[in-house]
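>>> Requesting a structural model of the entry that follows:
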Amino acid sequence: MGVTVREKAKGSNQWWVFINHGGRRTSRKVGSEKAALEVAKKIEAKLILGEAFLQEKKPAVPTLDEYYERFKRTYMRTLKESSQETYHSSFKNHILPKLGRLCLDQIDRALMEEYTAALVEKDLAKDSITMILSPLGVLYTDAIEKNIVSDNPTLRLRKFYRQAPKRHEEIEPLSQEESLLFLQTTQQHAPNYYTLFLLALHTGLRSGEIAGLQWIDIDWNGKYLKVRRAIVRRRLTTVKTRHGRRRVDLSDDLIGTLADLRKKMQEECLKKGSNTIPEWVFANRYGGWVEMSNVKQKNFKNVLRKAGLRSLRFHDLRHSFASLLLANGAPITYVSNQLGHANSQITLKVYAHWIPDENQRNAVNRLPSLSKQSESAALAK
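Numbers count the residues shown, from 1 in each chain. From the prediction side, this is the model:
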């Protein structure tokens, strides 16, 4: 290997630069000896520098375990706390135990296909598999942006778990009669929670949204409330709906009951020498938000037992709200907006069974027929 300068023909005064590098040889005519020597020095410097770059070791690609720790400190901190916990659960319980020791560039497409097939064999639901793979895909996107890897092996994996079962939560709403029994029993055996349970049944708010409700969220004249925040895993967070705040109409009965609760709170505060009531509609003894896990496990379950009703989840009050509205003829779009769903298709998918089919039957009977035409003609006579 080297760079030399000489005349091809002695005495020609035409100087050439000869290069022998990496098993390849070439030459270029430059002109004068001085110019050729300068070119040779530059070429030699570039070859030496290039050789140094070739010998320099590339930085080692981190393992998934190592990169996850970095990912957790950077990208995941930009997510909502509830999303952070979901990501952490997926990595800790499913991803890292199987793939954590491998370097990012060792996890290729074939390996991800095998990993996905293993999730299907565990009889996980389709949505569960998506929740596991999605955070890993986001991590790889982050690694690509930082030039650590060039490919994302998690892309387009859905076709490998199409056969996974779909599991929708079983809807067990209260009927009209059961709802009345539930409220009556609450008045008798848990009167302090009557307003909370009535609000759950009349608005369909999630338990976290109920805990996060403040008095400033209620429009007394317009008879509606705005869902601005929620308490999730004992932390204050933004609302779930992608549209941000949503407006939920309040029944006349609920407005009156909320007004009574506010008045009662004001009277209790005055007795204690304070003119200011807690900001939370359902406050604990210290003025903070109510702990809904206690309400659900203790008070809600107790009312169900006293009423002789089947065991339900607190979330079934939300389902009861939706199904009762639909049974009473409310449009699916209205129910969807009240629930805070992104679109009415989601609502229809969950509650289609609870939409009465009487109108559909009547619609069939309104189709044109000759018998109806004959009946109309006879009536005209």
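>>> Just the buried residues of stretch 293-313, please?
295, 299-300, 303-304, 307, 312 (16 or more other CB atoms under 10 Å). C-beta coordinates here come from the backbone N, C-alpha and C atoms, glycine included.
>>> Most widely separated two among these?
Spatially, the most separated pair among the buried residues of stretch 293-313 is 295 and 307, at 16.2 Å (CB to CB).
>>> so what's the most centrally placed residue in the chain up against?
Central residue of the chain (CA atoms, centre = their mean): residue 83, 6.7 Å from the mean position. Under the criterion of CB atoms under 8 Å, 6 or more residues apart in numbering, the contact list for residue 83 is empty.
>>> Show me which residues of the helix or strand hosting it are buried.
Following DSSP states H and E, one finds residue 83 within helix 81-90. Within helix 81-90, the residues that qualify as buried are 82, 87, 90, counting by 16+ other CB under 10 Å.
>>> One more: stretch 4-21?
Residues of stretch 4-21 classed as buried by neighbour count (16+ other CB under 10 Å): 5, 15-19, 21.
>>> I'd like the average pLDDT over it.
Stretch 4-21 shows a mean pLDDT of 81.
>>> For it, measure first residue to last.
Criterion CA to CA, to the nearest Å; first-to-last residue distance in stretch 4-21 is 11 Å.
>>> Give me the distance from that stretch to the chain's centre.
Between the centre of stretch 4-21 and the centre of its host chain there is 70 Å, according to CA atoms, centre = their mean, to the nearest Å.
>>> what's it in contact with?
Contacts of stretch 4-21 (CB under 8 Å, 6+ apart): 1-3, 25-33, 35-37, 39-40, 43, 47.
>>> Name only those of those that count as buried.
Buried members of the contacts of stretch 4-21, counted by 16+ other CB under 10 Å: 3, 30, 36, 39-40, 47.
>>> just checking, which of those belong to strands?
Using DSSP state E, the subset of the buried ones among the contacts of stretch 4-21 located in strands is 3, 30.
>>> Same list, the buried ones among the contacts of stretch 4-21, but as a markdown table with distance to residue 346 please.
As requested, the buried ones among the contacts of stretch 4-21 are exported to a markdown table (distance: CB to CB, whole Å):
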| residue | distance to residue 346 |
| --- | --- |
| 3 | 71 |
| 30 | 74 |
| 36 | 76 |
| 39 | 71 |
| 40 | 73 |
| 47 | 64 |
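>>> Return the per-residue confidence for residue 24.
pLDDT recorded at residue 24 is 71.
>>> Then residue 210?
Listed pLDDT for residue 210 reads 97.
>>> surely it meets residue 199?
Yes - between residue 210 and residue 199 there is a contact at 6.5 Å, judged by CB atoms under 8 Å.
>>> give me phi/psi at residue 343?
Residue 343 has phi and psi values of phi -160, psi 170 when expressed as degrees, to the nearest 10.
>>> how about the nearest residue to it, chain neighbours excluded?
Closest residue in space to residue 343, ignoring its immediate chain neighbours: residue 336 at 6.8 Å, by CB to CB, 6 or more residues apart in numbering.
>>> Residue 216 now?
Nearest to residue 216 is residue 279, by CB to CB, 6+ apart, at 7.3 Å.
>>> Check the gap between that neighbour and residue 176 for me.
From residue 279 across to residue 176, the span is 34 Å (CB to CB, to the nearest Å).
>>> same deal with residue 28?
Residue 28 sits 95 Å away from residue 176, going by CB to CB.
>>> still on that earlier bit, now, the buried residues of stretch 293-313 that are in helices?
If you go by DSSP state H, those have 303-304, 307 in helices.
>>> rewinding a little: give me the next element, helix or strand, following the helix holding residue 83.
helix 96-99.
>>> Averaged pLDDT, that next one. What do you get?
Averaging pLDDT along helix 96-99 yields 95.
>>> Which SSE is immediately downstream of it?
Note on helix 96-99: by DSSP H and E, the next helix or strand toward the C-terminus is helix 109-121.
>>> Tell me how far the very next helix or strand once past that following helix lies from the chain's centre.
In the C-terminal direction, the helix or strand that comes right after helix 109-121 (DSSP H and E) is helix 126-145. Here helix 126-145 is found 12 Å from its chain centre; the criterion is CA atoms, centre = their mean.
>>> Other residues contacting helix 126-145?
64, 67-68, 71, 74-75, 86-87, 90-91, 94-95, 104, 116, 119-120, 124, 149-155, 157-158, 161-162, 164-167.
>>> which intervals of this protein have sub-threshold pLDDT?
Applying pLDDT under 70 to the chain flags the ranges 1, 22-23, 48-58, 167-169, 240-245, 357-367, 369-381.
>>> Pop the domain breakdown of it in here.
Annotated domains of the chain cover 2-55, 64-161, 176-358 [automatic domain parsing].
>>> Return the residues in contact with residue 40.
3-5, 17 are the contacts of residue 40 under CB under 8 Å, 6+ apart.
>>> Burial check on the closest residue to residue 334 other than its chain neighbours, number of neighbours?
The shortest distance from residue 334 to any non-neighbouring residue, by CB to CB, 6+ apart, is to residue 325 (7.5 Å). Neighbour count for residue 325, taken as other CB atoms under 10 Å: 20.
>>> coming back round to it: in what helix or strand does the residue nearest to residue 343 lie?
Element membership for residue 336, per DSSP H and E: helix 332-339.
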